[in-house]
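In: what would the 3D arrangement of this be:
(one chain, ligands or ions: 1)
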Amino acid sequence: MQNTPQNFVPRSDDAQAAPSLDLFCRVVDNYGDIGVCWRLARQLSAEFGWRVRLIADDLRAFQWIAPDIAPSLPEQRLAGIDVLLWSDNLNLQPADVVIEAFACDPPANYVRAMSNKAIKPIWINLEYLSAEAWVDGVHGLPSPHRQLPLLKHFFVPGFTEQSGGLIRERDISVVAQPSADDTVSTATQRVFVFAYPHAPIAALARALDGESSSLSPQFDLASPVAAALPESIQVKPISPVPQTKFDALLARYALLIVRGEDSFLRAQWASKPMLWHIYPTDDGAHIVKLNAWLDRYCVGMDAPTERAYRRASLAFNQSDADSAKYVDFVQRLPVLAQHAIHWRRTLLLQDDLATRLVRFVCLAEKPKIG
Ligand code: TRH
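Out: Predicted coordinates for the structure are as follows:
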């Protein structure tokens, strides 16, 4: 039998054929940590039949993206997934597969219980998404535990065949389409803003407000902006939608300002012109990460558009309030809209992250099965 992901898709009468998964998530800040975990948990459960327990330490952040989560309940079930509140005294029989998101370190007694199992769980550290070149070399590497007979594997999401890939659900082309109701708002050409508060939105707004712009500047703010916007700009704060409706929300807009990891990726699946407000780090590593993504994203763009896009992206992430830096970008939005469609098509040629993860688990299991 070949090791294909399909081997793990259980028939409806054979639920036990699918592996069980414990997915550990610590919320560092904001919503991206739980956002990535919730999305992956839902996909592995719905598309591959995995029996998933999601163990998270911050159910309030979780509730922001999944309003049916009750923050006070230590155990609950949502969308076929068991959601457990993280505790250092978790008394769980470890699952077949254990994923710790972003090196979040599962509780010590749980790790000990993993090492006590006759067949050790397949242990994966799901890293942050990056377009940087090192990803291909690190993805899949094993890392033996210092004391216990356990092996942890790095699983690094990325944009290449050699990386862990990108989270993409099977029905992505369906969910990313605007509904009939949304067609009206698409015509008004709004800008969606989900950025960190220091984003130079006012400078971008002034550039959009210029005569040469193809957009009428209406900004819908899904996140607060620290500086006041020009009075000529229509600004509307919008309430969060459940993550399951996030793609449909993005599909309504002509320009997407996104951040972090998950919304950054969803903007690419939405195939709209976008600016990425990357999560800032003190050492400036975020600019290296931004440039690595731009190097991939800009392939196939004409030179003036690439110059304009790189200039605006860098300015935006350096909090540059000079609106002149964004003017060329604004003028090239129609070209960027075409490019976004091309980019999405290119990404769709590759297997998605969950498929690669399931394949990885199949291959890791082979010696024990055989
Ligand atoms: O919220 P973010 O900035 O999250 C993160 C964290 O800060 C994390 O610590 C950091 O390491 C990481 O960024 C890089 O951005 P992100 O990743 O886009 O996560 C937001 C989630 O919220 C995403 O899953 C989409 C979801 N969301 C909704 O479900 N509804 C909404 O209305 C909005 C605006 C977002």
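
In: how about the residues of the stretch 151-300 of the chain by the ligand?
Out: 194, 222, 240-241, 243, 246, 259-264, 279 (CB under 6 Å from any ligand atom). Glycine gets a C-beta too; all of them are placed from N, C-alpha and C.

In: please identify which pair of the residues you listed lies farthest apart.
Out: The span of these, defined through CB to CB, is set by Val241 and Tyr279 at 21.3 Å.

In: hey, where'd the strands end up in this protein?
Out: Along the chain, counting by DSSP state E, strands occupy 20-25, 51-56, 75-78, 81-85, 97-101, 122-126, 142-144, 151-155, 190-193, 218-221, 234-237, 255-259, 274-277.

In: need those strands in JSON lines (columns: mean neighbour count).
Out: Shown next, in JSON lines, are the strands of the chain (neighbours: other CB atoms under 10 Å):
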{"stretch": "strand 20-25", "mean neighbour count": "24"}
{"stretch": "strand 51-56", "mean neighbour count": "23"}
{"stretch": "strand 75-78", "mean neighbour count": "13"}
{"stretch": "strand 81-85", "mean neighbour count": "20"}
{"stretch": "strand 97-101", "mean neighbour count": "24"}
{"stretch": "strand 122-126", "mean neighbour count": "23"}
{"stretch": "strand 142-144", "mean neighbour count": "11"}
{"stretch": "strand 151-155", "mean neighbour count": "18"}
{"stretch": "strand 190-193", "mean neighbour count": "25"}
{"stretch": "strand 218-221", "mean neighbour count": "20"}
{"stretch": "strand 234-237", "mean neighbour count": "14"}
{"stretch": "strand 255-259", "mean neighbour count": "25"}
{"stretch": "strand 274-277", "mean neighbour count": "26"}
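
In: can you lay out the ones you listed as CSV showing distance to Ala340 and mean pLDDT?
Out: Conversion of those to CSV gives the following (distance: least, CB to CB, whole Å; pLDDT from 0 to 100):
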stretch, distance to Ala340, mean pLDDT
strand 20-25, 30, 98
strand 51-56, 31, 98
strand 75-78, 32, 98
strand 81-85, 32, 98
strand 97-101, 28, 98
strand 122-126, 26, 98
strand 142-144, 37, 95
strand 151-155, 27, 97
strand 190-193, 14, 94
strand 218-221, 19, 93
strand 234-237, 24, 92
strand 255-259, 9, 97
strand 274-277, 7, 98
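
In: and for Arg344, the neighbour number?
Out: Residues lying near Arg344 (other CB atoms under 10 Å) number 18.

In: do you know how far it is from Arg259?
Out: From Arg344 across to Arg259, the span is 19 Å (CB to CB, to the nearest Å).

In: name the residue of the stretch 151-300 of the chain that lies nearest to the ligand.
Out: Residue nearest to the ligand within the stretch 151-300 of the chain (CB to the nearest ligand atom): Gly260, separated by 2.2 Å.

In: tell me the confidence at the closest residue to that residue other than its chain neighbours?
Out: What sits nearest to Gly260 in space, not counting adjacent residues and going by CB to CB, 6 or more residues apart in numbering, is Gly32, at 3.9 Å. Gly32 is assigned 97 on the pLDDT scale.

In: I'd like the numbering to begin with 765 instead of 1 from here.
Out: Sure thing, new numbering starts at 765, so read that last one as Gly796.

In: and for Gly796, the neighbour number?
Out: For Gly796, the neighbour count with other CB under 10 Å is 22.

In: my read: it touches Tyr1043, true?
Out: Yes. Counting by CB atoms under 8 Å, Gly796 does reach Tyr1043; the two are 7.5 Å apart.

In: which residues do the two both contact?
Out: Gly1024, Glu1025 (CB atoms under 8 Å, 6 or more residues apart in numbering).

In: rewinding a little: ok, the residue of the stretch 915-1064 of the chain closest to the ligand - contacts?
Out: Gly1024 makes contact with Asn794, Tyr795, Gly796, Gly799, Tyr1043, according to CB under 8 Å, 6+ apart.

In: where does the stretch 865-1014 of the chain have low pLDDT?
Out: Counting by pLDDT under 70, the stretch 865-1014 of the chain shows low-confidence ranges at 938-952, 975-980.

In: returning to what we had before: among the strands of the chain, which is nearest Leu1127?
Out: Proximity to Leu1127 (CB to CB) singles out strand 886-890 among the strands of the chain, at 9.8 Å.

In: quick one, the closest one and strand 861-865 angle?
Out: Angle between the axes of strand 886-890 and strand 861-865 is 20 degrees (criterion: axes from the mean of the first three to the mean of the last three CA atoms, to 10 degrees).

In: ok so, going back, so which of the strands of the chain is nearest Pro964?
Out: Nearest of the strands of the chain to Pro964, taken as CB to CB: strand 1038-1041 at 9.6 Å.
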